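Asks: Provided below for reference: sequence and predicted model.
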Amino acid sequence: MNLVLPSLGFGIITASTLLPAAVGFTLQFSATGVLNIAFGAQMTFAAFIAYVCTQAGLSIWLALAAAAVCGALASALLNRFLLTPFARRGTTFFGMVVVTIALALLVEYAVELIWGPLPVSYPLTAPGLVHVGPMSFTHSQLVVLAIGVVFAIGTHALLRYTRAGKAIRAVADNRDLARSSGISAQRITDLAWLVSGLMGGAAGVMLGISLSSVSYTMGDTFLLEIVAAAVLGGVGQVYGAMLGALVIGVLLQESAIVLGGAYAPISAFAVLILVLLIRPTGILAGAAKAKGVS
Amino acid sequence: MDYYLLTVCIYVVVGIIACWGLNLQFGETGVLNFAAVLFVAVGAYTASLFSLGHPTPASYQQYFWGTSLPWPLPWLAAGVAGGALGLLVGLLVLRRLRGDYQAMVLLVVSTMGTYLVSADPGLLNGSIGLASIPAPFKSELHTGQVGYELFYLGLSVVTALIIFEVLRRINASPLGRVLRAVRENEQAAEAVGHNVAATKLMVMVVGGAVAALAGAIEVQFIGAWAPAGWTYPETFGLFAAVIVGGRGNLGGVAVGAFLVQGLFLEGTVLLPNFGNPDVIGAVQWMSLATLILLFLWFRPQGVIPERQRRFREGQPGPLRGLLPAQAFARVGRGQQNA
């Protein structure tokens, strides 16, 4: 039991990785109404872009930035040239889900074809330990934590204080009303995909750093944890997704200590289902609606 | 070659049955069952446990319980288990959650199943999976391997025909109209008095039982079953078959299952061997994905689209002659009340 506090540190690191992913996933879903199953595959793609960058001699943090930008561009292009055309043809919600599933398979196995089935890893500098009470972090873990916090604050600032962020919220809340108030829904859709791709790309590299390996199935496996965090917070609720990421991240690591590693994902998912039985719309759905920050 | 072709045929029949189960949920009623492969898996494990016999400590594989029953019973038990799982999952997921939540939670439930079986080696032999599952009548029938495969193919085709007839009657009956009403417009169906949650629960149970039966047929043929065979991307293979074939049309779904399961997932093995097996797997999945995208773009209604149904006065209903007249009187009055 004396491992509970140290593993809280791991939980926070997992949550920092989960946070941009869950926020990007849920922000894009609320603004565009497309449930993007390919999100995990996009993360994997970005993680491998970062791997290529580190192989070319860039530092891991520059590689992370490059991968995030690539992720953002890829996401925006996919939306423009694949998803928007499908939506224009009148593909239903379920149809769009299936399109993103197909996209996930394409991206994932393209990554396997290009970079092979074996996992690779980033060259990380020597792990100097920093002790915070009973928890200890490596330097790269601390940077991952910092990036997670930056994404949380950045998302808050974007949605709260910028015109674009307010427009995203308006479109998410009521697309028709937003359009009749002069907001270009198409531009906001593009922006939402761009932002979610950026966050997903960064999260992919952060995941690669914290797992210390990058494989082509990585994002696909992580997608379930993202979905759990997003659903737990209330789908489409950005602040809910942040809270969900924290809860799922800590739960995963704590239950790994208490119940054993193999049971960790099961307990996290079981908590998700229990919460949904009590609050079918996620933890924050009601609170966020009341404050008008959905 | 005969041997291999027969094996593929049996896989295709299994795929068709599983896709019919999904079609009842997704194609007819619009329930996005992202846990479809979980039902196949539950059927397979149930049939294994009902045919393997008691686990012995000395055995090389561990499972929590087992018995050895003669042929139709493991399959029937699988169907019951699939229906029970459908009831459980349906009660958990369908009653209170919105459509998009339902889909995501079903995806999570499916993955939880894989993790659970892999995590506990004492439950169903963990990630190694169960093996040496006996095939029905194999010791009684003194035929060669090809002869036995022919027999098993016959057995699965007869089962498939029975399931086809049951599902066809459901689709053609007033109940089928309720399912399509729920699919087309949930609020409208609710407004005219149909219980949407109960309808969805019903298709989860019936579709789940059908999918589980497919799993039972498959496992008693291949004789082994492990978590790696039912990870959640497999669900998308089933969805692909339903979409390519034509959701809502049993014949179309069968064609889709043949194309996707047969040609894409099994048939690529017949191709000349190029490169390493990883490449073949990747190419297989990528071509499946491309096929789905092409179909959704050019022919979203599938190879054989759902038939437009028209009501003709005085036409005998599909159940007429099968049920006593009172049953019809009851159905008629029930609808008026509703």
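Replies: That came through fine.
Asks: quick one, helices of the chain?
Replies: Unless you meant another one, I'm taking chain A. Using DSSP state H, the helices of chain A run over A:4-32, A:39-55, A:60-78, A:84-88, A:93-115, A:139-161, A:163-173, A:175-180, A:185-211, A:218-233, A:238-259, A:264-278, A:285-291.
Asks: please go with chain B instead
Replies: In chain order, chain B shows helices spanning B:2-22, B:36-52, B:72-93, B:99-119, B:121-124, B:145-172, B:174-184, B:186-191, B:196-222, B:233-245, B:250-257, B:277-298, B:325-337, with DSSP H as the criterion.
Asks: can I get the ones you listed in CSV with mean pLDDT, mean neighbour count and distance to residue B:61?
Replies: Yep, even glycine has a C-beta here, placed from its N, CA and C like the rest. As requested, the helices of chain B are arranged in CSV below (pLDDT from 0 to 100; neighbours: other C-beta atoms under 10 Å in any protein chain shown; distance: least, C-beta to C-beta, whole Å):
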stretch, mean pLDDT, mean neighbour count, distance to residue B:61
helix B:2-22, 89, 22, 23
helix B:36-52, 93, 28, 8
helix B:72-93, 92, 21, 17
helix B:99-119, 85, 22, 13
helix B:121-124, 82, 16, 9
helix B:145-172, 92, 16, 23
helix B:174-184, 91, 18, 41
helix B:186-191, 90, 13, 45
helix B:196-222, 94, 25, 14
helix B:233-245, 86, 25, 23
helix B:250-257, 92, 25, 31
helix B:277-298, 82, 17, 26
helix B:325-337, 43, 11, 48
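Asks: Take these and lay them out in a markdown table including distance to chain A.
Replies: Below are those laid out as a markdown table (distance: least, C-beta to the nearest C-beta, whole Å):
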| stretch | distance to chain A |
| --- | --- |
| helix B:2-22 | 12 |
| helix B:36-52 | 12 |
| helix B:72-93 | 7 |
| helix B:99-119 | 4 |
| helix B:121-124 | 9 |
| helix B:145-172 | 19 |
| helix B:174-184 | 10 |
| helix B:186-191 | 12 |
| helix B:196-222 | 12 |
| helix B:233-245 | 5 |
| helix B:250-257 | 13 |
| helix B:277-298 | 4 |
| helix B:325-337 | 28 |
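Asks: Might you report the residue contacts of the closest residue to residue A:30 other than its chain neighbours?
Replies: Leaving aside its sequence neighbours, residue A:30 sits nearest to residue A:236 (C-beta to C-beta, 6 or more residues apart in numbering or on different chains; 3.3 Å). Applying C-beta atoms under 8 Å, 6 or more residues apart in numbering or on different chains, we find residue A:236 in contact with A:26, A:29-30, A:172, A:294.
Asks: can you pull the pLDDT of residue A:251?
Replies: On the pLDDT scale, residue A:251 is placed at 88.
Asks: contacts for stretch B:129-136?
Replies: So stretch B:129-136 is contacted by B:45, B:47-48, B:51-52, B:61, B:63, B:68, B:70-71, B:74, B:124-125, B:148, B:152, B:155, B:219-221, B:223-229 (C-beta under 8 Å, 6+ apart).
Asks: that older thread, tell me which of the helices of chain B sits nearest to residue A:65.
Replies: helix B:277-298 (29.2 Å; C-beta to C-beta).
Asks: Need the contact partners of that closest one.
Replies: Contacts of helix B:277-298 (C-beta under 8 Å, 6+ apart): A:82, A:86, A:89, A:91, A:95, A:98-99, A:101-106, A:108-110, A:112-113, A:116-117, B:233, B:237, B:240, B:243-244, B:259-260, B:264-265, B:268-269, B:271, B:273-274, B:302.
Asks: Any of those residues buried? List them.
Replies: Neighbour-count burial (16 or more other C-beta atoms under 10 Å in any protein chain shown) applied to the contacts of helix B:277-298 gives A:82, A:86, A:91, A:98-99, A:101-106, A:108-110, A:112-113, A:117, B:233, B:237, B:240, B:243-244, B:259-260, B:264-265, B:302.
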